[in-house]
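J.: using only what follows, build the 3D model:
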Amino acid sequence: MKIALVAQHATVMHDDAVADGRAGAVIDSRLRELSRSLASNGHRVTVYAQRHSATLPDRAEVSPGVTVEYMGAAAAKLGESDLLAQVPAFSQPLHERWRGERPDVVHALRWTSGLASLAAARDLRIPVVQSFDSLGVAERRHHMASGHVGVERIRLEPAIGRSANAVVAGSSDEETDLTRLGVPRRSIRIVPWGVDTEEFTPEGPVADRGARPRLVTVADLHDHDALGTLLRAMSKVPGAELIVAGGPSRERLGDDLGFRRLAKLADTLGVGSQVQFAGHIGGDALPPLLRSADLMVSVSDYDPSGLTALQAMACGTPVIASSVGSHLDAVVDGTTGILVPPGRPALLAQRIRQLLAHPMLLEAFSMAAADRAKSRYSWERIAHETLAVYDTALDAAAIAA
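T.: Have a look, this model is predicted:
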């Protein structure tokens, strides 16, 4: 099968995994792993991205069976409004390319890619599969700190979902939002984000640690409300340490407003000696850090991917997570970890203390977490489920024709 993955937002295809809480970095990582996994199943994958530098080649092979093509004129800015403005200039060369070399299926990642893909494929009768990764209505509802959700996005995402031959939802929570937007349930398939179960495993190097119980969180330092909840919980978990990974490099943390606000709050709460801000943790260092933790805590009010929770589970580290978004699917409450309503620091602290006080329960959670991550969220399984969605889209397009 010839598969076109349209990712207008993608800026680079490289091997550096990013663990700083930035959604764009997480999505690029997903694109890389998905394309490789599809190609490993014998399919030919071409990734189409917006040209963001005049020095980029028109076409390059980035891994066996995976080619990236940069389309349109160079555009350094890749913000939401910039991408929307560049959709016509991006979709026209897509149309020309596909008219000469027709893919069997198009998979658009994020909403502006969906607009471009639907426009480019309209007269070519190529089925289009849409993944939003994160919906504007959900980001607005949860008051995402990443920025303003434009009215164009809120208006256009439902239309894109209804126009696509199939829509991939990352979680049951996203599926519910899509149906509320009027996307037919019959066209929605749930395929979660995957995790590299060869890199993130219970076996391997472990980061240095002391005798204190260790909690780890990977977060955007500007997610002040959620991290504030965790710091308040730490004030009720004496004797434990918290490693906060995320943000700029450790040497540059002092220049980051989010870090300064959180460090001040930690001092005010009297937990400054318990909390260590590690800054950006590179890909090779993340698995050892997660393995070193007794618990991984994910307190985000909104997490469409649940990726860091999955990575921790794959390393055999139990997870305490907010009962929102993808966490509701990934974390089996009472089996692989614990779910806690967001914004409840006293309850969060109580659950942390309960688990730390029962090492045998932690060990049972650890084994169950690793087993669930490997059996449900390996990229091999995610690729097979994605291919099944493509077959559904092909059938739907054939019936429509």
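J.: please make it C-alpha for all contacts and neighbour counts, starting now.
T.: Fine.
J.: the residue nearest to the spatial centre of the chain: what's it in contact with?
T.: Centroid-nearest residue in the chain, with CA atoms, centre = their mean: residue 305, separated by 3.8 Å. With contacts taken as CA atoms under 8 Å, 6 or more residues apart in numbering, residue 305 has the following neighbours: 133, 170, 192-193, 325-326.
J.: in three-state terms, label residue 177 for me.
T.: helix (DSSP: H, G, I helix; E, B strand; the rest coil).
J.: so what pLDDT did it get?
T.: Note on residue 177: pLDDT of 96.
J.: for residue 189, see how far away it is.
T.: In this view, residue 177 and residue 189 are 13 Å apart by CA to CA, to the nearest Å.
J.: okay, the two: which has more neighbours?
T.: Neighbours were tallied for residue 177 and for residue 189 using other CA atoms under 10 Å; the higher tally belongs to residue 189 (20 against 16).
J.: for the more buried one, helix, strand, or coil?
T.: Quick answer, by three-state DSSP: residue 189 is strand.
J.: could you list the low-pLDDT ranges of the stretch 201-350 of the chain?
T.: Within the stretch 201-350 of the chain, no stretch has pLDDT under 70.
J.: tell me where it has strands.
T.: Counting by DSSP state E, counting those that start in this stretch, the stretch 201-350 of the chain has strands at residues 214-218, 241-245, 275-279, 281-282, 295-298, 319-322, 337-340.
J.: same question for the stretch 51-200 of the chain.
T.: Using DSSP E, counting those that start in this stretch, the strands of the stretch 51-200 of the chain run over residues 59-63, 66-71, 105-109, 128-131, 166-169, 188-190.
J.: in TSV: those strands, plus distance to residue 317.
T.: Shown next, in TSV, are the strands of the stretch 51-200 of the chain (distance: least, CA to CA, whole Å):
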stretch	distance to residue 317
strand 59-63	31
strand 66-71	33
strand 105-109	30
strand 128-131	29
strand 166-169	26
strand 188-190	25
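J.: and residue 236, how far is that from residue 223?
T.: Between residue 236 and residue 223 the computed distance is 21 Å (CA to CA).
J.: right, I mislabeled it, should have said residue 389
T.: To residue 223, residue 389 is 34 Å away according to CA to CA.
J.: more crowded one of those two?
T.: Per other CA under 10 Å, whichever of residue 389 and residue 223 has more neighbours is residue 389, with 23 against 18.
J.: helix or strand: which one has that one?
T.: Secondary structure from DSSP states H and E places residue 389 in helix 379-400.
J.: so who does residue 225 touch?
T.: By CA under 8 Å, 6+ apart, residue 225 lies in contact with residue 343.
J.: same thing but at 10 Å, please
T.: 145, 231, 262, 299-301, 342-343 (CA atoms under 10 Å, 6 or more residues apart in numbering).
J.: ok, now residue 33?
T.: For residue 33, the contacting residues are 15, 27, 39, 194-196, 379-380, 382-383, by CA under 10 Å, 6+ apart.
J.: all helices for the stretch 251-400 of the chain, in order.
T.: 257-269, 286-291, 307-314, 327-330, 345-356, 359-377, 379-400 (DSSP state H, counting those that start in this stretch).
J.: output the contacting helices and strands for the fifth one.
T.: Under the contact criterion of 3 or more CA pairs under 10 Å, 6 or more residues apart in numbering; DSSP states H and E, helix 345-356 touches strand 214-218, helix 224-234, strand 295-298, strand 319-322, strand 337-340, helix 359-377.
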